[in-house]
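[1] Please work out how this folds:
(2 chains)
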Amino acid sequence: EAGVVQSPRYKIIEKKQPVAFWCNPISGHNTLYWYLQNLGQGPELLIRYENEEAVDDSQLPKDRFSAERLKGVDSTLKIQPAELGDSAVYLCASSLGGRVGNEQFFGPGTRLTVL
Amino acid sequence: AQSVSQHNHHVILSEAASLELGCNYSYGGTVNLFWYVQYPGQHLQLLLKYFSGDPLVKGIKGFEAEFIKSKFSFNLRKPSVQWSDTAEYFCGHATNAGKSTFGDGTTLTVKP
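    Below is the predicted model of the structure:
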């Protein structure tokens, strides 16, 4: 079974430039999560989707971050414009439903460096 | 609001030593706790979880954790570590609505 796929794996951009990350969840998983992980810290939830609906985006900085999950499968997370403080690993995860007992499966992450 | 704290940032052990990683949570609602592990070069993966029932939970690779409500703790244990247990370990909590909060992680280094 293929796992969660993310691309690109690494991205280096200059500040004020836009950047986008893509995630393909495990087939059949209707719940998708985007997390931000700073160095030395645990993952922090940015947004959670149930199918194509964003059910929790309270931690998403909406002035510069946006996300979409068209057709309830793949998802894209965008930052525009990027700031130095956005340098981090962006993780995507999926689960079979958003119930608390369902295991989240994580992708390898995208490591973003903003210069 | 929920929060999770892990006491040790970096633990170094020799093979066959016993392991206990501390985790404390703060949340006023129903408690749902888990540990994830990230081996070098690999993805985060679930080690074990507690949502109800027996407070002593057994996970993969010989790990276990005990939920102690009075101490707001969910410490991870293993009686005898191996070099292959070298990894980063994350404790976390999830609300019934499915919102997860992770601790900052503990890096475990096991010396052969």
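[2] which stretches of chain B form strands?
    B:3-6, B:10-14, B:19-21, B:23-26, B:33-38, B:44-50, B:56-58, B:64-68, B:73-78, B:87-94, B:100-102, B:106-111 (DSSP state E).
[3] Same list (those strands) but as a markdown table, adding distance to chain A, mean neighbour count and mean pLDDT.
    C-betas here are computed from N, CA, C, even on glycine. A markdown table is the format used below for the strands of chain B (distance: least, C-beta to the nearest C-beta, whole Å; neighbours: other C-beta atoms under 10 Å in any protein chain shown; pLDDT from 0 to 100):
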| stretch | distance to chain A | mean neighbour count | mean pLDDT |
| --- | --- | --- | --- |
| strand B:3-6 | 8 | 16 | 94 |
| strand B:10-14 | 10 | 13 | 97 |
| strand B:19-21 | 13 | 19 | 97 |
| strand B:23-26 | 11 | 19 | 94 |
| strand B:33-38 | 8 | 23 | 96 |
| strand B:44-50 | 4 | 19 | 94 |
| strand B:56-58 | 13 | 14 | 96 |
| strand B:64-68 | 15 | 18 | 96 |
| strand B:73-78 | 14 | 21 | 97 |
| strand B:87-94 | 5 | 23 | 95 |
| strand B:100-102 | 3 | 22 | 92 |
| strand B:106-111 | 9 | 16 | 97 |
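[4] count of residues packed around residue 39?
    Going with chain A. As a burial measure, A:Leu39 scores 7 neighbours (other C-beta atoms under 10 Å in any protein chain shown).
[5] You answered for a different chain; I wanted chain B.
    As a burial measure, B:Tyr39 scores 13 neighbours (other C-beta under 10 Å).
[6] ok, now how distant is the closest residue to it other than its chain neighbours from A:Gly109?
    In space, and not counting its chain neighbours, B:Tyr39 is closest to B:Ala87: 4.6 Å by C-beta to C-beta, 6 or more residues apart in numbering or on different chains. Using C-beta to C-beta, to the nearest Å, one gets 16 Å for the distance from B:Ala87 to A:Gly109.
[7] thinking again about what came up before, quick check: bridge partners of the residue nearest to B:Tyr39?
    Assessed by DSSP bridges, B:Ala87 has beta-bridge partners B:Leu108.
[8] Tell me who's in contact with it.
    B:Ala87 is in contact with B:Val37, B:Gln38, B:Tyr39, B:Pro40, B:Thr107, B:Leu108, counting by C-beta atoms under 8 Å, 6 or more residues apart in numbering or on different chains.
[9] Swap in 7 Å and give it another go.
    Contacts for B:Ala87 (C-beta atoms under 7 Å, 6 or more residues apart in numbering or on different chains) come out as B:Val37, B:Gln38, B:Tyr39, B:Pro40, B:Leu108.
[10] ok, now B:Phe34?
    Counting by C-beta under 7 Å, 6+ apart, B:Phe34 has contacts B:Leu46, B:Leu48, B:Lys49, B:Gly92, B:Ala94.
[11] same thing with B:Gly59?
    B:Leu47, B:Leu48.
[12] got the phi/psi numbers for it?
    phi -120, psi -160 (degrees, to the nearest 10).
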